[in-house]
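[1] got a predicted structure plus its sequence, pasted below:
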Amino acid sequence: MFKIIVTENYDELSEKAFEVMKEVITSKSNPVLGLATGSSPIGLYQNMIKDHKENGTSYKNVVTFNLDEYIGLKRDHSQTYWTFMHENLFNGLDIPDANVHVPVGDSDNIQAECEKYEEAMKNFEVDIQLLGIGANGHIGFNEPGTSFDTLTHTVVLKEKTRQDNARFFDPLGEEVPTEAITMGIATIMKAKKILLVANGKNKADAVYAMIKGPVTEECPASVLQNHPDVTVIVDRGAASKL
Ligand SMILES: N[C@@H]1[C@@H](O)[C@H](O)[C@@H](COP(=O)(O)O)O[C@@H]1O
């Protein structure tokens, strides 16, 4: 079931997303957040840091699980999602390191990492899972064609996804990794609540397919039609085909 909020611009989108997130954080004694990378949630993260600094909202009891990570990059590489999360969110909060979980993409045994991640998540119930959406409808790194039954697993990235992320690697003279580790669709669907943010016209087709299209593995985000509590916050551009 979707609750759809259309905003005038990215700032308003980020504020509305923050309101939804803050409600969960302040109504629980031990909130568990599923978090996402990408450019879409950056404004929300800035609002969380601002609120922590100005209003003292504490993250000491917050536990987080990130959706995904590239395979093959050292953890401290500038483009890992581990680094992204620390630079864009965790370093600005009082969250203890031990409460933060990001899949380990530079392990010798990636299969064991996937299992370990899924096991670790079994001890928690995710109160809110934040999602962006890929231009091809992917969520996390679950590309079109991924089974809805998947748990944390490895994926080969689609060329379109690698092109979309090339802007971060080109300046380093590096190629986008070809594989990633991601929570599966079934993992994501276990969250009590989902918050999906998308902005810009290049997301309009994916947002339309997610909400109005058939529920099909060809658009991974369409699985959210089967979830009981999904808030979608989109700007006018991303909402333009609805
Ligand atoms: N794995 C991430 C996704 O979790 C994210 O939703 C998507 C969209 O990113 P952006 O928000 O930058 O458009 O990019 C990557 O592929």
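    Noted; the coordinates are in hand. Numbers count the residues shown, from 1 in each chain.

[2] show me what the helix ranked longest in the chain is packed against.
    What stands out as the longest helix in the chain, according to DSSP state H, is helix 10-27. Counting contacts by 3 or more CB pairs under 8 Å, 6 or more residues apart in numbering; DSSP states H and E, helix 10-27 packs against strand 2-7, strand 32-35, helix 42-55, strand 128-131, strand 194-198, strand 230-235. C-betas here are computed from N, CA, C, even on glycine.

[3] in that helix, what counts as buried?
    Neighbour counts over helix 10-27 (16 or more other CB atoms under 10 Å) mark 10, 13-14, 16-18, 20-21, 24-25 as buried.

[4] same check, this time on stretch 81-100
    81-86, 88-90, 92-93, 95, 99-100.

[5] of those residues, closest to the ligand?
    Tyr81 (7.5 Å; CB to the nearest ligand atom).

[6] for Phe141, which non-adjacent residue is spatially closest?
    Counting by CB to CB, 6 or more residues apart in numbering, Phe141 lies nearest to Thr182, which is 3.8 Å off, once chain neighbours are set aside.

[7] neighbours around the one you found, how many?
    Burial of Thr182 is recorded as 27 neighbouring residues (other CB atoms under 10 Å).

[8] in the helix-or-strand element of the chain with minimal mean pLDDT, what counts as buried?
    Least confident helix or strand of the chain, by mean pLDDT, DSSP states H and E, is helix 159-169 with a mean of 91. Buried residues in helix 159-169, counted by 16+ other CB under 10 Å: 161, 164-165, 169.

[9] show the backbone phi and psi for Val156.
    Dihedral pair for Val156: phi -90, psi 130, per degrees, to the nearest 10.

[10] about what we covered before: Serialize the helices and strands packed on helix 10-27 to a markdown table and add fields for distance to the ligand, mean pLDDT and mean neighbour count.
    What follows is the helices and strands packed on helix 10-27, written out as a markdown table (distance: least, CB to the nearest ligand atom, whole Å; pLDDT from 0 to 100; neighbours: other CB atoms under 10 Å):
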| stretch | distance to the ligand | mean pLDDT | mean neighbour count |
| --- | --- | --- | --- |
| strand 2-7 | 15 | 98 | 15 |
| strand 32-35 | 10 | 98 | 25 |
| helix 42-55 | 8 | 98 | 17 |
| strand 128-131 | 6 | 98 | 25 |
| strand 194-198 | 8 | 98 | 26 |
| strand 230-235 | 12 | 98 | 23 |
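
[11] possible to save the ones you listed as JSON lines with distance to Gly137?
    What follows is the helices and strands packed on helix 10-27, written out as JSON lines (distance: least, CB to CB, whole Å):
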{"stretch": "strand 2-7", "distance to Gly137": "15"}
{"stretch": "strand 32-35", "distance to Gly137": "19"}
{"stretch": "helix 42-55", "distance to Gly137": "21"}
{"stretch": "strand 128-131", "distance to Gly137": "11"}
{"stretch": "strand 194-198", "distance to Gly137": "11"}
{"stretch": "strand 230-235", "distance to Gly137": "13"}
